[in-house]
Structure formats: C-alpha cells, structure tokens
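A.B. asks: I'd like to go over a predicted model; first the sequence, then the structure.
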Amino acid sequence: MKMKECVLSLAFVCAVALSLSAGPKQVMLMNRLGPSQMTLYIANADGSGERPLFAISGFDYNPTFSADGKWIAFTSERNGSGEADLYRVHVDGSALERLTDDPALDDQAAFSPDGNQIAFVSTRGAHNASIWILDLKTRKARNLTGAPALQAAAGKMNGYFRPSWSPDGQWIAFSSDRNFDFKPHDFPDPAWEHPQELSIYVIHPDGSGLRRLTPAGVSDGSPKWSPDGKRIVFYELPTAHTFAARVYAQAMVTSQIVSVDVVTGAKMEETTGPGLKVQPQYLGADRIAYLVKAGPNAGLAFTRGAPGVEGAMRNPAWSPDGKQVVYEKVDFTARPQNQALYSWEPDMDAQYTDVFPRFSRDGRLAISDIKNLATTATASISVMNADGSNKKVVFSDKEGAAFVPTWSPDGQWIAFGFGGFFGARRTKPAKLMMVRADGSQQSKDLTTGLPNSGFPTWSPDGKRIVYRVWGDGEYGLREMNLADGSVKTLTTEFDNFPAFSPSGELITFTRRSAKTDDYDIFTMRPDGTDIKQLTTAPGNDSHSSWSPDGKSILWSSARYGFKDEAPLYDNSFQPFAQIFIMKADGSDQHALTYSRWEDSMPAIVPSAAQRSTTSRLD
C-alpha cells in the first residue's frame, strides 16, 4: 500500500475511533408552533387550474416572480426543518437552484427589475431581520439596512420586512417595526404576546435616502409598487389587532388595502368592508390583487373584475403579465414526536416534541399531548420513552387541559394542572392533580376551587410541589407540603413557570415587571428568598428548564424580534420566540435556534434516557 493511502487509512480509523469514543450527541427536545408542511402551487391569476410547482415538494414558502416572468424565487427548509434558505426555479418547476446557504434565516426574496439582484430578509449578523441584497452573479450579499444610523433605539423593535423594488430599480420599499416598543397586546383579550406596529419606508439600493412614507399609529405592511412607480400599495390594520391577525381570532380583524403617492404622501383606500386583507399587488394601473386571509370570501380577490378562487392559500404573488399566481398552502397536521429538526449547534441534535416535556430520573418522558397549542383548549398527559416509543396516555379529560407534567422523584406519580389556562383562565378554574404514571388512571386532586392553580414543579426530595396561582386576588408562586397539604406563599407578583433545579437548591421562574410589562427569567431559593433576575433584554423571556446537570438554563426569548410581518403568520402566538441557553448564574446567554417560527419549551434529554435508548437498539 502506498504511503499516502496508509496515512489516509490511519486518519480514517482515528476519526472513527474518536467519534465512537465521544459518545452520543446531546439531544434537545423542543416544541415549534408553526406549520408541519408548506407546499407551493401555481395557477391562473384567479387561482383556477392550480397545480403543484414541484412533483415532490420540500418545505417551501414565500414565492415571488422575476420581472421577466421566467423565474420563481422562494424560501425553503429543504436543508433541515427550521433552516431557511433562498432558491429559484423556472415556472415549469425545472432548473431548481439554491441561492443562499447561510445558517441564518434567509427569506422574503424580491427580484430587481433587471434580474441581476435579489433583495431579501436575513438575520445574519445581529440576528434581527434586516434587508440584504444578493448579487446573483457573484453570490455576494450585503446588508442594506444594517448601517448604525438606520438602527432603532436600544430596547426597541428593529425588524425590516417584505422588500419590493421600484420599476426603475432606484428604490426599495419595505415595512419595518423599528422603534416600536416590546409590549403586551390587548385584543381580543389582554395577554403577554407582543403586537407589531409597521410603517412603510423607501431606501435607495446603495443604502442612502431612507424615507418613511406612512405615519405611526397603525400597522402597514407588504408594500408593492405601481407599474409607473408613482404609488405604493399595502395593507393597513390597527396595531392592536396584529396579535389577533395571526391566531384563532383572525375573523375578528378587518384590514383595508391602501395606496400612497410616493411624492406627496397622499393616501387612498382601495377596498372597503370586512375581512383580513393582506399582500396586495398591482396587476395594472387601476387593478389590484390581494389575499383575503380571513373573513367572508377568504381567498384571492381583486379591486376590479370577478373575484378569485376562495380558499386557504397564503403569500400569493402574481406574474408580471398578470396571467399566473404562485402561492403556498399550509398544513398544520401535528409533527411526529421526536421528528428531527435542524440544529445550529454541532454537538447537539434537535427533535420535535409535543408541549411541556418533562423527564423522570430514569429517563422516561411525560408531555402534554395537545398536537397544536394554538388551536385547541384540551390536552391529555402521555408517558413514553425518550425516543417517543411505548407511548401511553395516563390522563385524559375533555373538560379541560392537562398542562405541565412533573414527575415525583420515585417516578410513580405525575402532578399537573388541569382546567382552564391562558385565555380560558379568566372564566374557567384550574386545579392541581396527581395521576399514577403506570397508566392505571388512578388520580388525586391536590387543590380545589379558586384561585386558578397550575404549572407545577416537584421538588427533588419529593416533599413539596411549587406551582403558580392566578385570580381571585391571588397571584404568584405557592409551595404545597405533600405530607399535610399545607400551602406556603413564596411570591405574590405575576410569576409563572417555576422549575426546580436538579439539586433542589434553586427554582427558576418567569416574572412580569409591573413597570415595563416585560417578562424575565429569575431564580430564587426554595423558601422564596434570594431572588435574582437573570435576563434583562427587551421582549418576553419565559418557559425555562434546567439542563440535567443543573449547570445551564434553557428558555425562550423574544429579544431578536419578529422575523416577518405579524399578520402574515397563522396559529403562532409568539413567532419571535427562539430558544436560548445560559449558565445557572445568568452568564453566557446565547441562542440555540434561529428559525422564523415560535421555538419553545426546550428540554435536554438526560443521559439515563440516552443509555436506555442505546440499549434497546442494541
């Protein structure tokens, strides 16, 4: 054997030995509130005669035509669920080409009039959504809105979305929530998720001449230019309704299609009447197409002429000649438990889980079995192996939701909250319960009546359960002594999501600031003393959990802001949420996920669970 071959062979053997000795990767389970599949369709301009763009679809969305009508650019997660890149393809579905391969989010492409460049949204660099420009010949990208002078004030939202080139290529219009506050929404009911106020801006492709076209006070999105470049059309709705527009309350929202004169700023309403109308586009000097996302006659619509096909299509884009439309259809069928997700961490695998995953000491997994947190108010409790096998429902009652299972240290019991939570907590009580983990359905009530009680965590010594109460004048965290049922008040502020550390020395929890209405992660001693605030960034921080060794805390954070216009999402309370990790003292905070969806409820699979999975495979 030649010397070179020997060296290569030895290197290969060493590499294999090292990989085997390193042991299994760390595995993080996480929930993702978002679609399970998105498929592109192309059709006649009114939506008739639709067909899939691809014979075999990837996870594809946000399509757009090139100015010559020959290409469709779109976003795809073909490289891994959650990792979004730009692609282009001919209108007949041929010549598929990947345009970007950055691990950050690349999305919302718009071709330049000459077809040589693409403006798009990316989270490269600072992690917030910015407008970038890609040269299609050199494949070099530059940040159009990243200059320091264009950034929002500290602590404010700073997202840039939905770019659109003027017909002469001299301007790019976009929407932005820059300088809007991170604050809770009020409609349809007050809660902690953020609304989003958008304004329309224009800027030259070289980054100069930034100008705001629409004032504060409403939310204006998805700008598109008229054929003569004199007007820009967009949708407009009250800022307070941008939460309802992305969840179950979409039918309660009315928006209008509006245009503005680029020179004078004069506005004109192009539509009237009910319905959540979004994403308009000029099909000529006096005809505008748009999507009715919810309300009467949801589907494709036009300001003149016959209406389009009704249906639940999303993100439509019409061809330059107005003869075709491309759009996506969205599937929210529950993802399989433990489905592989893209991991941005080389030493960690990410897998999907149903909500509120919790592990026993011997590595069994309990979850709230809800399928889709955004669309249902019921949930059961299921127990399974860490890899999702041998699943067994241990508690189910259609009269309410069973949320946040927590294991007794001996693995015999699971405690949880049952009843009405989130918006339902205002009208429906909730109590703490225990159920046998063996599936015998043997259960016990731990609390009764008011206040609404839930989100428990079992102490490692098995003697106490800490949980949150809400309503009837009582708020904060309580500790129940399981020996005699006595209850001790630990906190009285708006606190939630308590979690004991593996050693039992600390409890993490989420607290709302009375001054800022912001939510942050705190720790305290089990007796309620030594309270420390760990996160201070703007935006909600919540859903914390401990690593099995107790050295790290994982949680979801809104600090990087929205990745798109809020009214364009579906079934997503917090599309800004990404999973973060920090040391137990709050240091070394950094993100683990960078998707455009709501990533939440992380749990690291303990080594005991990984060992049991390996032994079953053997």
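C.D. replies: Happy to help now that I have it.

A.B. asks: quick one: low-confidence parts of the stretch 401-550 of the chain?
C.D. replies: Residue ranges of the stretch 401-550 of the chain with pLDDT under 70: 423-427.

A.B. asks: Same check on the stretch 151-300 of the chain?
C.D. replies: Of all residues in the stretch 151-300 of the chain, none has pLDDT under 70.

A.B. asks: Which residue ranges of it form strands?
C.D. replies: Taking DSSP state E, counting those that start in this stretch to define them, one finds strands in the stretch 151-300 of the chain at 160-165, 172-176, 199-203, 211-212, 218-225, 231-238, 256-261, 267-269, 276-282, 288-294, 299-302.

A.B. asks: Identify whichever of those lies nearest to residue 333.
C.D. replies: Nearest to residue 333, of all the strands of the stretch 151-300 of the chain, is strand 288-294, at 20.1 Å by Cβ to Cβ. In this view, the C-beta of every residue, glycine as well, is placed from N, C-alpha and C.

A.B. asks: hang on, the earlier thing: now the strands of the stretch 151-300 of the chain in TSV, please, with extra columns for mean neighbour count and distance to residue 415.
C.D. replies: TSV is the format used below for these (neighbours: other Cβ atoms under 10 Å; distance: least, Cβ to Cβ, whole Å):
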stretch	mean neighbour count	distance to residue 415
strand 160-165	24	43
strand 172-176	26	45
strand 199-203	22	48
strand 211-212	13	52
strand 218-225	25	42
strand 231-238	24	42
strand 256-261	20	49
strand 267-269	13	54
strand 276-282	24	41
strand 288-294	24	39
strand 299-302	20	46
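
A.B. asks: neighbours of residue 216, just the number please.
C.D. replies: The tally of other residues near residue 216 (other Cβ atoms under 10 Å) stands at 12.

A.B. asks: before we move on, back to that, and of the strands of the stretch 151-300 of the chain, who's closest to residue 44?
C.D. replies: Smallest distance to residue 44 across the strands of the stretch 151-300 of the chain (Cβ to Cβ): 10.1 Å, for strand 299-302.

A.B. asks: And the contacts of the helix or strand following that closest one?
C.D. replies: Tracing the chain past strand 299-302, the next element assigned as helix or strand by DSSP states H and E is strand 313-318. With Cβ atoms under 8 Å, 6 or more residues apart in numbering as the contact definition, strand 313-318 has outside contacts at 41, 45, 47, 61-65, 279, 281, 283, 289, 291, 293, 299-300, 324-330, 568, 570.

A.B. asks: Take the strands of the stretch 151-300 of the chain and write them to CSV, including distance to residue 557.
C.D. replies: Below are the strands of the stretch 151-300 of the chain laid out as CSV (distance: least, Cβ to Cβ, whole Å):
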stretch, distance to residue 557
strand 160-165, 20
strand 172-176, 21
strand 199-203, 25
strand 211-212, 29
strand 218-225, 23
strand 231-238, 27
strand 256-261, 34
strand 267-269, 36
strand 276-282, 27
strand 288-294, 28
strand 299-302, 36
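
A.B. asks: Residue 390 contacts residue 382, doesn't it?
C.D. replies: No. Here residue 390 does not reach residue 382: they are 10.4 Å apart, not a contact under Cβ atoms under 8 Å.

A.B. asks: where exactly do the helices run in this protein?
C.D. replies: Residue ranges of the helices in the chain, as given by DSSP state H, are 3-22, 607-617.

A.B. asks: Worst mean pLDDT among those?
C.D. replies: The minimum mean pLDDT among these belongs to helix 3-22 (a mean of 36).

A.B. asks: which residues touch residue 203?
C.D. replies: Contact analysis of residue 203 by Cβ under 8 Å, 6+ apart lists 131, 144, 145, 171, 172, 174, 209, 210, 211.

A.B. asks: Next one: the third one from residue 578, what distance?
C.D. replies: Okay, so that is residue 145. 20 Å (Cβ to Cβ, to the nearest Å).

A.B. asks: Likewise for the fifth one?
C.D. replies: Separation of residue 172 from residue 578 (Cβ to Cβ) stands at 27 Å.

A.B. asks: And for the first one?
C.D. replies: Residue 131 sits 20 Å away from residue 578 when distances are taken as Cβ to Cβ.

A.B. asks: Neighbour count: these two, which is higher?
C.D. replies: Set side by side, residue 131 and residue 578 show more neighbours around residue 131, with 27 against 24, by other Cβ under 10 Å.

A.B. asks: For beta bridges, what are the partners of that one?
C.D. replies: Under the criterion DSSP bridges, residue 131 forms beta bridges with residue 121.

A.B. asks: and the contacts of residue 203 as JSON lines, adding distance to residue 480?
C.D. replies: Below are those laid out as JSON lines (distance: Cβ to Cβ, whole Å):
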{"residue": "131", "distance to residue 480": "52"}
{"residue": "144", "distance to residue 480": "55"}
{"residue": "145", "distance to residue 480": "51"}
{"residue": "171", "distance to residue 480": "62"}
{"residue": "172", "distance to residue 480": "58"}
{"residue": "174", "distance to residue 480": "52"}
{"residue": "209", "distance to residue 480": "62"}
{"residue": "210", "distance to residue 480": "57"}
{"residue": "211", "distance to residue 480": "59"}
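
A.B. asks: and the closest residue to residue 596 other than its chain neighbours, what does it touch?
C.D. replies: Leaving aside its chain neighbours, residue 596 sits nearest to residue 563 (4.2 Å; criterion: Cβ to Cβ, 6 or more residues apart in numbering). Contacts for residue 563 (Cβ under 8 Å, 6+ apart) come out as 105, 107, 121, 123, 129, 159, 575, 576, 596.

A.B. asks: what do you get if the cut-off is 10 Å, keeping everything else the same?
C.D. replies: Counting by Cβ atoms under 10 Å, 6 or more residues apart in numbering, residue 563 touches 84, 105, 107-108, 121-123, 127-129, 159, 161, 569, 575-576, 578, 594-597.

A.B. asks: Now find how far off-centre stretch 339-346 is within its chain.
C.D. replies: Here stretch 339-346 shows a centroid-to-chain-centroid distance of 15 Å under the convention Cα atoms, centre = their mean, to the nearest Å.

A.B. asks: can you start the count at 30 instead of 1 from here on
C.D. replies: With 30 as the first residue, the last one maps to stretch 368-375.

A.B. asks: Would you mind listing the outside residues contacting it?
C.D. replies: Defining contact as Cβ under 10 Å, 6+ apart, one finds that stretch 368-375 is touched by 54-59, 61, 65, 106, 108-113, 132-133, 364, 378-382, 417, 608, 610, 619-624, 628.
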